[in-house]
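> take this sequence and fold it.
(2 chains)
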There are 2 protein chains.
Amino acid sequence: MSALPPGSTVGILGAGQLGRMLAVAAARLGLRARLYAPEADPPAGHVAPVDRGGWGDAAALAAFAAQVDVVTLEFENVPVATLEILAPLVPVRPGPRALAMAQDRVAEKTFLSEAGAPTVAFRPVDDAASLERAITELGLPAILKTRRLGYDGKGQARIAAPGDAAPALAAMNGAPAVLEAMAPFAREISVVVARGLDGATAAYDPAENVHEAGILRRSAVPAGIYDETRARAQAIAAQIVAALDYVGVMGVEFFHMPDGALLVNEVAPRVHNTGHWTMEACAVDQFSQHVRAVCGWPLGDPLRHCDAAMENLIGDEAADWARLSAEPGAALHLYGKAEARPGRKMGHVTRTSRMA
Amino acid sequence: MSALPPGSTVGILGAGQLGRMLAVAAARLGLRARLYAPEADPPAGHVAPVDRGGWGDAAALAAFAAQVDVVTLEFENVPVATLEILAPLVPVRPGPRALAMAQDRVAEKTFLSEAGAPTVAFRPVDDAASLERAITELGLPAILKTRRLGYDGKGQARIAAPGDAAPALAAMNGAPAVLEAMAPFAREISVVVARGLDGATAAYDPAENVHEAGILRRSAVPAGIYDETRARAQAIAAQIVAALDYVGVMGVEFFHMPDGALLVNEVAPRVHNTGHWTMEACAVDQFSQHVRAVCGWPLGDPLRHCDAAMENLIGDEAADWARLSAEPGAALHLYGKAEARPGRKMGHVTRTSRMA
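Now for the predicted structure:
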């Protein structure tokens, strides 16, 4: 196992804002980046070359693989089959197993339970009968979600009373689903954790997160939790990446319950929106950390040297760039997206302050 | 006077590591970068498109100007004539006047004196007679330097005794020169200052610098100076950019004398090696600050949220990347240069720590 030297090329599947920030992190370490994406003129194309191709285009993927020294990804919904085309050609980190787990809520929660990471209670739902049984076992209220391809609150329906069951199931459009017990959490926190090729792990401080309409609104460090809770969340995150033999950065979202319990809500096998604050507050941010991990470099120190609060700029909120750029102590990030559609993440702003 | 909106393109003359870091800073703000340089495969070419052309190639420069919304520069030895070709086509910031001043040590020191910024005593030297007169007036030891194109200790000769005068003059190869009195300083400090299109100024904390063999070895904040000295250095730097009607970031190097006086050693009309620590220690670093200034954006807050020490990686020191990348609390930057020539800046490492 040897580290890829400076001058090597990191291949990235996907070329949105996460790919863009990964490409910049690679450049900072003297590495080159090359991206692969189906879209024309994606955000990452401003900072690195992008090969355009479909996720099932074996020839285009092979040509891409020939140009890079390792492949990683910026989003978890790359088809597993794409990684399986690439894996014989070039190291793929993280590998297909982590992706397959993260793409299916039932596989994810089953894996997490087996890895000793507690989750909310859940039941697979395929039809009206299994939904009725699940409601009986978990009680109401509960949330019905599609097993696959859910993000930013899409593909979810709340079931507060038995009469909500049929419309919720209809909203799944026939897709396999999962019923999850409601978690009346005190707060949402997340840990961005990294695991190196050598098996070392490093976890950043937990961020406290606020979602609005299913989309992350803000993440702040420190979270309003005791040291013991911080350490426990970091330990669970490290346990998850170790159990997966994972390489790279992973975002682990938790519900912090009123009794102090931590339930894993979901994991994302990639750099994570709740870790953007590390760009200002840590010597090695989550993007550099991910690049280090997938290139076989030593992990960087996740120590935080200031307090920080990150706020997403969603849709036309980014039109406020002039005012935001004038705000003292604020670091503005814009992703180079031409069109500000509602719900689209256009940028973020991180406010830093000296540690108490 | 209006700000260039996100999506605009910043043109940068020169495509070395400073251009590379400027291009990344532009991307972070949702701006595009495009560079212009004579060399093939320059470092900045990994993160942005580069137009290749000579400094006097009016057609290539005009084609470049047509692709960008503003032009700035990464190094002060771009010929003034190049800026004069560009200036009628596109806003050039900083403009030819600042460049002309910074390219000639006599013009620079004359300007500084007139702007109320004290410098070491100096005399123009064109021949043996003027050198002899200068030595009589300034005393020995003194340093003879070429008036133009000096950097990193090149084009300099120390005159300790009268017998050194003739060889020192010969070392100038007939180029116009300047004799500078020696400044037996207590320490070298520098201030990276910015001035916006609206005339606002913002100065980072002074860094304390150590040079070796004429090349910057390290820069640390805080410098070992009193608050009064910090404020005075920042005020002088702000005075200089105001007197020049300057737009952008400027590096101002000082000698801090044992009696507390601050003498300006030299200024650089660009982002500065002694300001690289701002990447880890400030919400808005010097590269973002420069991009903001030349695009007519509000300046960012220069507040420092942690202590930091930057060390350059020169020549084959960068071969030590694996060890450096494993060092806790260290942020490693490599510039993507293929060949590690002696004296060549290959990267830097910044070590951060919480503020006391």
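
> every contact and neighbour count from this point should use C-alpha atoms.
Noted.

> count of neighbours near the spatially closest residue to A:Gly45 that is not a sequence neighbour?
The spatial neighbour of A:Gly45 that comes closest, neighbours along the chain excluded (C-alpha to C-alpha, 6 or more residues apart in numbering or on different chains), is A:Ala15 at 7.0 Å. Burial of A:Ala15 is recorded as 32 neighbouring residues (other C-alpha atoms under 10 Å in any protein chain shown).

> quick one: pLDDT of A:Ala15?
pLDDT recorded at A:Ala15 is 97.

> ok, it - contacts?
A:Ala15 makes contact with A:35-37, A:42-45, A:50, A:74, according to C-alpha atoms under 8 Å, 6 or more residues apart in numbering or on different chains.

> just those: which are in strands?
Counting by DSSP state E, these place A:35-37, A:50 in strands.

> what sits against A:Val71?
Counting by C-alpha under 8 Å, 6+ apart, A:Val71 has contacts A:10-13, A:65, A:90-93.

> partner residues bridging it?
Judged by DSSP bridges, the bridge partners of A:Val71 are A:Gly11, A:Val92.

> okay, it and B:Gly336: tell me how far apart.
According to C-alpha to C-alpha, to the nearest Å, A:Val71 and B:Gly336 sit 20 Å apart.

> how about A:Gln289?
Taken as C-alpha to C-alpha, the span from A:Gln289 to B:Gly336 is 18 Å.

> with neighbour numbers in mind, choose between those two.
When A:Gln289 and B:Gly336 are compared for neighbours, A:Gln289 comes out ahead with 28 against 25, by other C-alpha under 10 Å.

> let me see the contact set for the spatially closest residue to A:Pro79 that is not a sequence neighbour.
Nearest residue to A:Pro79, sequence neighbours excluded (C-alpha to C-alpha, 6+ apart): A:Trp55, at 6.9 Å. Counting by C-alpha under 8 Å, 6+ apart, A:Trp55 makes contact with A:37-38, A:61, A:78-79, A:82.

> need the residues you listed in JSON lines with pLDDT, can you?
Output for those, formatted as JSON lines (pLDDT from 0 to 100):
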{"residue": "A:Ala37", "pLDDT": "98"}
{"residue": "A:Pro38", "pLDDT": "97"}
{"residue": "A:Leu61", "pLDDT": "98"}
{"residue": "A:Val78", "pLDDT": "95"}
{"residue": "A:Pro79", "pLDDT": "95"}
{"residue": "A:Thr82", "pLDDT": "97"}
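
> quick one: the residues you listed as TSV, columns for neighbour count too.
Shown next, in TSV, are the contacts of A:Trp55 (neighbours: other C-alpha atoms under 10 Å in any protein chain shown):
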residue	neighbour count
A:Ala37	22
A:Pro38	16
A:Leu61	22
A:Val78	19
A:Pro79	14
A:Thr82	17
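
> columns distance to B:Glu317 on top of the residues you listed, output as CSV?
CSV is the format used below for the contacts of A:Trp55 (distance: C-alpha to C-alpha, whole Å):
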residue, distance to B:Glu317
A:Ala37, 37
A:Pro38, 41
A:Leu61, 37
A:Val78, 39
A:Pro79, 42
A:Thr82, 40
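
> B:Thr278: which of these is nearest?
Set against B:Thr278, the nearest of the contacts of A:Trp55 by C-alpha to C-alpha is A:Ala37 (33.5 Å).

> neighbour-wise, which one of the contacts of A:Ala15 leads?
Neighbour counts for the contacts of A:Ala15, by other C-alpha under 10 Å, peak at A:Ala44, which reaches 31 neighbours.

> quick one: contacts for the nearest residue to that one once chain neighbours are set aside?
Leaving aside its sequence neighbours, A:Ala44 sits nearest to A:Arg20 (C-alpha to C-alpha, 6+ apart; 4.0 Å). Residues near A:Arg20 by C-alpha under 8 Å, 6+ apart: A:43-48, A:335.

> send me stretch A:75-87 as PDB with only the CA atoms.
Extracted as PDB, the C-alpha positions of stretch A:75-87 are listed here (Å, rounded to 0.1, in the frame of the first residue of the first chain):
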ATOM      1  CA  PHE A  75     -22.400  11.700  -4.400                       C
ATOM      2  CA  GLU A  76     -23.800   8.400  -3.200                       C
ATOM      3  CA  ASN A  77     -26.300   7.800  -6.000                       C
ATOM      4  CA  VAL A  78     -23.700   6.800  -8.600                       C
ATOM      5  CA  PRO A  79     -24.900   3.400  -9.700                       C
ATOM      6  CA  VAL A  80     -23.000   0.500  -8.000                       C
ATOM      7  CA  ALA A  81     -22.700  -0.900 -11.500                       C
ATOM      8  CA  THR A  82     -20.600   2.100 -12.500                       C
ATOM      9  CA  LEU A  83     -18.100   1.400  -9.700                       C
ATOM     10  CA  GLU A  84     -18.000  -2.300 -10.800                       C
ATOM     11  CA  ILE A  85     -17.000  -1.200 -14.300                       C
ATOM     12  CA  LEU A  86     -14.200   1.000 -12.900                       C
ATOM     13  CA  ALA A  87     -13.000  -1.300 -10.000                       C
END
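
> buried residues in it?
A:75-78, A:80, A:82-83, A:85-87 (16 or more other C-alpha atoms under 10 Å in any protein chain shown).

> so which of those residues belong to helices?
Members of these lying in helices (criterion: DSSP state H): A:80, A:82-83, A:85-86.

> any chance of these in TSV, plus distance to A:Arg148?
As requested, those are exported to TSV (distance: C-alpha to C-alpha, whole Å):
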residue	distance to A:Arg148
A:Val80	12
A:Thr82	16
A:Leu83	17
A:Ile85	21
A:Leu86	22
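
> among those, which are within reach of chain B?
Subset of those in contact with chain B: empty, counting by C-alpha under 8 Å from any C-alpha of the partner chain.

> nearest to chain B among these?
Closest approach between those and chain B, by C-alpha to the nearest C-alpha: A:Leu86, at 24.0 Å.

> thinking the closest one is in contact with A:Ala65, fair?
Yes. With contact defined as C-alpha atoms under 8 Å, A:Leu86 reaches A:Ala65; the gap is 6.7 Å.

> mind putting the contacts of A:Val71 into TSV with neighbour count?
Formatted as TSV, the contacts of A:Val71 follow (neighbours: other C-alpha under 10 Å):
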residue	neighbour count
A:Val10	24
A:Gly11	27
A:Ile12	27
A:Leu13	25
A:Ala65	23
A:Val90	19
A:Pro91	18
A:Val92	22
A:Arg93	24
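
> closest one to chain B out of the residues you listed, please.
Of the contacts of A:Val71, the one sitting nearest to chain B (C-alpha to the nearest C-alpha) turns out to be A:Val10, at 12.2 Å.

> distance-wise, check the closest residue to that closest one other than its chain neighbours relative to B:Met279.
In this structure, A:Val10 finds its nearest non-sequential neighbour in A:Ala33, 4.7 Å apart by C-alpha to C-alpha, 6+ apart. Counting by C-alpha to C-alpha, the separation of A:Ala33 from B:Met279 is 21 Å.

> of these two, which one has the most company?
A:Ala33 (32 against 21).

> now do the SS call for the more buried one.
Here A:Ala33 is recorded as strand under DSSP: H, G, I helix; E, B strand; the rest coil.

> surely it and A:Ala48 touch.
Yes. Using C-alpha under 8 Å, A:Ala33 makes contact with A:Ala48 at a distance of 6.0 Å.

> any shared contact partners between those two?
What both A:Ala33 and A:Ala48 touch, as defined by C-alpha under 8 Å, 6+ apart, is the set A:Ala23.

> so what's A:Ala134 up against?
Contact analysis of A:Ala134 by C-alpha under 8 Å, 6+ apart lists A:122-125, A:179.
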